[in-house]
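In: Sequence isn't available, so here's the structure alone:
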């Protein structure tokens, strides 16, 4: 089984889910970021809305950008957000 | 015959000639910048030294950069100087 | 924060802050007391009013990661160009039209390195630093999140 | 001085002066009271001490032509990039190590135009503006005239 994870959400991902962050324990068959997004999408309407276009969602594991095929084993914090618009 | 010209010299061209500017009337067969340089070079040691490498000398007619084949007819001021090193 | 790159002691300053910055003071911090700096390029990004439609931008960021990513961008610039120092400051919170958003400064003995390092930092910062802009419109409507531009991705890619 | 280019009223400020300049004040002059500027690039060129060997640089210029050439360079930048304003200030006379020599500022709605216009102005200014640098060395020897660099010509040529 996976350990509890801190999940953080930013910008419209945060607004759609309605939470800035939460602690969740994904099931053991969730091994990478793409699977985590799929699992979260099944948790309710607000998640399905936030992740309706998984291709545009950016992810970071422990504050480093990762691709959706990145394994989540050992992660303490995973963040989801739209493409950045700073600068 | 050419009209009297103001000739201006800058940087080491000025130092070698020993004058910042002067008024001269080149002979009628001096029609372009290259011919003016050749004529000036014959005016004395200091001019010969200033123009010893004509290829590196830059010229401006009435405060606009020109090439050595530029005609001097109608010019009021012709300046000679080394390649610029501002900025 | 120290760059710690190949050239050792290149000063790299990264700050994420709500308050405004003073570009002149940041340039002075990189140049005063030394005479080896021949070129300083300072980029300031400001909030535009979008032809009067915008009341303010609200900048959200990911604390911790924002500092880390911008420091990585600055260190990458210090590894790629012979710069003598770099500063990057990004604000968050509500910023009115005309207000400062971001400052990037690069110093070098020569101009080309300073220009390229500063532009590189801006291009990478735009695509890598976790900041998001939301618009507050003058007509009072709820602001939209600013959409990322493909042009920003291609701007960053030309350095690879 | 007004740019008078294709976009009409782009403010272009060109000054040749002995006294120092204030980069922050020049940036403020191009940005204050307007909210359409999204990007400011300010380049400052300083006198380096050449590892301690240099006492001062002495800058000679061709009065009249220096202003004209730099204004032409700035107008060319305004014609080629969608800039909102440009300032170029070049000092003459004796300048000590660490002192300012030249300032170029470009403002634009977007960063790329501001970066490119500023770098273009510096590249062209270096090869076209009639200024010459003479070195005064700390050992008291008569200074040599600084030699022009081929690199400056090729830097200017890449914009053609």
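Out: All right, it came through fine. Just so you know, these numbers come straight off a predicted model, no measurement behind them.
In: Does residue C:143 touch residue C:60 like I think?
Out: No: using C-beta atoms under 8 Å, residue C:143 is not in contact with residue C:60, being 11.4 Å away. To be clear about C-beta, it is placed using only N, CA and C from the backbone, and glycine gets the same treatment.
In: which residues are common contacts for those two?
Out: Listed as contacting both residue C:143 and residue C:60 by C-beta atoms under 8 Å, 6 or more residues apart in numbering or on different chains are residue C:134.
In: Pick out whichever of those two has more residues nearby.
Out: residue C:60 (22 against 15; other C-beta atoms under 10 Å in any protein chain shown).
In: What residue in chain C comes nearest to chain A?
Out: residue C:131 (2.6 Å; C-beta to the nearest C-beta).
In: Can you name the residue of chain A nearest to chain C?
Out: Counting by C-beta to the nearest C-beta, chain A gets nearest chain C through residue A:86, at 2.6 Å.
In: wait, that residue sits on residue C:124?
Out: No: Residue A:86 is not in contact with residue C:124 according to C-beta under 8 Å; the separation is 10.9 Å.
In: These two - which one has more neighbours?
Out: residue A:86 (28 against 22).
In: Quick one: residues contacting that one.
Out: C:59, C:61, C:66, C:90, C:101-102, C:125-126, C:129-133.
In: So among those, which ones count as buried?
Out: For the contacts of residue A:86, a burial check counting by 16 or more other C-beta atoms under 10 Å in any protein chain shown picks out C:59, C:61, C:66, C:90, C:101-102, C:125-126, C:129-133.
In: Most widely separated two among these?
Out: Farthest pair in these (C-beta to C-beta) is C:101 and C:130. Separation: 14.7 Å.
In: got a list of contacts for stretch A:52-65?
Out: So stretch A:52-65 is in contact with A:13, A:33-34, A:37-38, A:41, A:51, A:66-68, A:70, A:72, A:75-84, C:62, C:64-65, C:68-69, C:128, C:130, going by C-beta under 8 Å, 6+ apart.
In: Just those: which are in strands?
Out: Applying DSSP state E to the contacts of stretch A:52-65, the entries found in strands are A:66, A:77-81.
In: closest to residue C:83 among those residues?
Out: For the ones in strands among the contacts of stretch A:52-65, the nearest to residue C:83 is residue A:66 (28.8 Å; C-beta to C-beta).
In: Was I right to think the closest one contacts residue A:34?
Out: No: checked against C-beta under 8 Å, the pair residue A:66 and residue A:34 is beyond contact range at 10.7 Å.
In: quick one: residue A:5 from chain D, how far?
Out: Going from residue A:5 to chain D by C-beta to the nearest C-beta, to the nearest Å gives 37 Å.
In: Any idea how many residues pack against that residue?
Out: Using other C-beta under 10 Å, residue A:5 has 19 neighbouring residues.
In: backbone phi and psi for it, please?
Out: The phi/psi pair for residue A:5 (degrees, to the nearest 10) reads phi -120, psi 140.
In: contacting residues around it?
Out: Here residue A:5 is in contact with A:23-26, A:72, A:75-78 (C-beta under 8 Å, 6+ apart).
In: Residue C:82 too?
Out: C:7, C:108-110, C:113.
In: how does it look with 6 Å?
Out: Neighbouring residues of residue C:82 by C-beta atoms under 6 Å, 6 or more residues apart in numbering or on different chains: residue C:113.
In: what's the answer for residue C:99, then?
Out: Taking C-beta under 6 Å, 6+ apart, we find residue C:99 in contact with residue C:47.
In: try it again with 7 Å
Out: For residue C:99, the contact set (C-beta atoms under 7 Å, 6 or more residues apart in numbering or on different chains) comprises C:46-47.
In: Residue C:90 contacts residue C:71, doesn't it?
Out: No: at 11.4 Å, residue C:90 does not count as touching residue C:71 under the criterion of C-beta atoms under 7 Å.
In: Look up how far chain B lies from residue C:137.
Out: Taking C-beta to the nearest C-beta, one finds residue C:137 at 44 Å from chain B.
In: ok, that residue - how many residues close by?
Out: Counted with other C-beta under 10 Å, residue C:137 comes out at 14.
In: List the beta-bridge partners for it.
Out: residue C:54 (DSSP bridges).
In: what about the residue of chain A found nearest chain D, how many residues close to it?
Out: Nearest to chain D in chain A, going by C-beta to the nearest C-beta, is residue A:87, at a distance of 7.7 Å. By other C-beta under 10 Å, the residues close to residue A:87 number 23.
In: Could you grab the helix/strand/coil label for it?
Out: coil (DSSP: H, G, I helix; E, B strand; the rest coil).
In: that older thread, will you turn the buried ones among the contacts of residue A:86 into JSON lines that also has pLDDT and distance to residue B:17?
Out: Output for those, formatted as JSON lines (pLDDT from 0 to 100; distance: C-beta to C-beta, whole Å):
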{"residue": "C:59", "pLDDT": "98", "distance to residue B:17": "61"}
{"residue": "C:61", "pLDDT": "98", "distance to residue B:17": "63"}
{"residue": "C:66", "pLDDT": "98", "distance to residue B:17": "61"}
{"residue": "C:90", "pLDDT": "98", "distance to residue B:17": "56"}
{"residue": "C:101", "pLDDT": "98", "distance to residue B:17": "55"}
{"residue": "C:102", "pLDDT": "98", "distance to residue B:17": "52"}
{"residue": "C:125", "pLDDT": "96", "distance to residue B:17": "53"}
{"residue": "C:126", "pLDDT": "96", "distance to residue B:17": "54"}
{"residue": "C:129", "pLDDT": "98", "distance to residue B:17": "58"}
{"residue": "C:130", "pLDDT": "98", "distance to residue B:17": "64"}
{"residue": "C:131", "pLDDT": "98", "distance to residue B:17": "60"}
{"residue": "C:132", "pLDDT": "98", "distance to residue B:17": "65"}
{"residue": "C:133", "pLDDT": "97", "distance to residue B:17": "61"}
